[in-house]
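Visitor: Here you go, sequence then predicted model.
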Amino acid sequence: MPSLREVQLFDLQILKDVVRVCDNNNIKYMISSGTLLGAVRHGGFIPWDDDIDVDMPLSDYKKFLKLAQHELGEKYFVQNYKTDKNYSEMWTQIRANGTTSMPVKAYKFDIHYGMCMDIFPAVGVSDAPKKKLKQKKALSLNRLLLHDAYAKAVNEPMNYKLKLIYAIPRCIRRMICKINEHRIMLDPMKYNQWAAVWYSMEVSVIQPKKILEKFTKIKFEDEYFNTFDDYDLYLKNVYGDYITPPPENKRGGHTDELGNIIFDLHKDYSEYKKELSEKYDQNEKNIRSVLQWVTISKYKKGEMQVYLLDKNSWTSKKAADKFCKMVEFVSLLKCTSP
């Protein structure tokens, strides 16, 4: 496994290659979020961070997507829901081929899991409440329509409504997402506010238009990159007091969000998928044949209270509890804790 610093320097090279494409084709970009915060507060990466964030105004984002795969060549894969059939987000990631950046729990998720950086489209946010609500609902709907492959891979519980939605062929759901895009991807230059498209409009920080109108250069590690001229206002809107580092117990990076992540700068993610499948799948099949699906609903004084989603799998809750206490590798049960 590479060190965190080795991961950071590898990500930095991805950024440099992307910026080369942007500079050669007059495409605007801005380092943003944690990358910009790192540049201002640390002169480079936040010491515990492991990725790169870039925003692009919508028109530049579209232009970049048309050119990127050809310009970047075989070294990289330009990943979004239009190029990777199981990808579930509305932004783009640039993945390095022949490498690995993969959460262990998602080894069954059939997408490209190479080392990557994120590119977020900066879209307009309407002042009109109805139009703003339509945009919010459209983004939530698109993410819901595309989320099934990941949900199945990590065994997220699904209610009957989700099962009905995911019974619709994925090709049709992807078509709906493309049609729905016009409600999400609004030209930021036509509105007084904008936001980077993320998981939902609730978590995307809405910024004033003026931040997106002027740009400057800022040093990040060993080079200067484009960012917002008023990066102070941008960072205050995102983080509040951004100068003061968080307490040490809040410095976990993406491992806090995604669990254990495999990083490898020289080995393809597909090899790790195969190794993990061989290691876990047979044990999981054996457990499933007896357990079906279970959800750990409580941890109390070291005892697991187990409730079955398939109630016909057991004659009693007591029998289920007894069996679960016999199982040593709880992580393979694909349970979710509250």
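Guide: Received it, and whenever you're ready, just let me know what you need.
Visitor: in the stretch 51-200 of the chain, which spans are helices?
Guide: Remark: helices assigned in the stretch 51-200 of the chain by DSSP state H, counting those that start in this stretch are 58-72, 129-146, 148-153, 160-166, 170-184.
Visitor: mind putting the ones you listed in CSV, distance to residue 122 included?
Guide: (Glycine included, C-beta is placed from N, CA and C.) Output for the helices of the stretch 51-200 of the chain, formatted as CSV (distance: least, CB to CB, whole Å):
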stretch, distance to residue 122
helix 58-72, 6
helix 129-146, 14
helix 148-153, 25
helix 160-166, 29
helix 170-184, 12
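Visitor: Indicate which one of these is closest to residue 271.
Guide: Closest approach to residue 271 among the helices of the stretch 51-200 of the chain is made by helix 148-153 (17.6 Å; CB to CB).
Visitor: quick one: contacts of the closest one?
Guide: Residues outside helix 148-153 that contact it (CB atoms under 8 Å, 6 or more residues apart in numbering): 86, 88, 106-111, 156, 158, 162, 165-166, 170.
Visitor: show me where pLDDT drops low in this structure?
Guide: Low-confidence segments of the chain (pLDDT under 70): 201-203, 253-259, 282-338.
Visitor: what do you get if the cut-off is 90, keeping everything else the same?
Guide: For the chain, applying pLDDT under 90 flags the ranges 1, 105, 127, 154-161, 198-204, 246-260, 277-338.
Visitor: quick check: longest strand of it.
Guide: Criterion DSSP state E: the longest strand present in the chain is strand 116-125.
Visitor: Pipe the helices of the stretch 51-200 of the chain into CSV and attach distance to residue 30 and mean neighbour count per row.
Guide: As requested, the helices of the stretch 51-200 of the chain are arranged in CSV below (distance: least, CB to CB, whole Å; neighbours: other CB atoms under 10 Å):
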stretch, distance to residue 30, mean neighbour count
helix 58-72, 10, 17
helix 129-146, 21, 17
helix 148-153, 28, 17
helix 160-166, 35, 12
helix 170-184, 20, 14
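Visitor: Out of those, which is closest to residue 34?
Guide: Residue 34 sits nearest to helix 58-72 of all those, at 19.3 Å, using CB to CB.
Visitor: Can you tell me what sits against that closest one?
Guide: 17-18, 21-22, 24-25, 27-29, 56, 76-78, 80, 83, 92, 94, 119, 121-124, 185-189.
Visitor: Let me see the contact set for residue 218.
Guide: Contacts of residue 218 (CB under 8 Å, 6+ apart): 31, 36, 39, 40, 224, 225, 227, 231.
Visitor: Could you confirm the third one falls within a helix?
Guide: Same thing as residue 39. Yes - checked against DSSP: H, G, I helix; E, B strand; the rest coil, residue 39 lies within a helix.
Visitor: How about it: what's its closest non-neighbour residue?
Guide: Take residue 39 and drop its neighbours on the chain: the residue closest to it by CB to CB, 6 or more residues apart in numbering is residue 220, 4.2 Å away.
Visitor: still on that earlier bit, how much does the longest strand of the chain deviate in direction from helix 170-184?
Guide: Counting by axes from the mean of the first three to the mean of the last three CA atoms, to 10 degrees, strand 116-125 lies at 50 degrees to helix 170-184.
Visitor: ok, now how distant is the residue nearest in space to the middle of the chain from residue 195?
Guide: Nearest residue to the geometric centre of the chain (CA atoms, centre = their mean): residue 89, 7.0 Å. If you measure residue 89 against residue 195 using CB to CB, to the nearest Å, the figure is 15 Å.
Visitor: still on that earlier bit, so which of the helices of the stretch 51-200 of the chain is nearest residue 241?
Guide: Closest to residue 241 of the helices of the stretch 51-200 of the chain, according to CB to CB: helix 129-146, at 27.8 Å.
Visitor: contact partners of the closest one?
Guide: Contact partners of helix 129-146, identified using CB under 8 Å, 6+ apart, comprise 81, 87-90, 125-126, 165, 173-174, 176-177, 180-181, 183-184, 186, 197, 199-202.
Visitor: hmm, back to that, of the contacts of helix 148-153, closest to residue 245?
Guide: residue 106 (29.4 Å).
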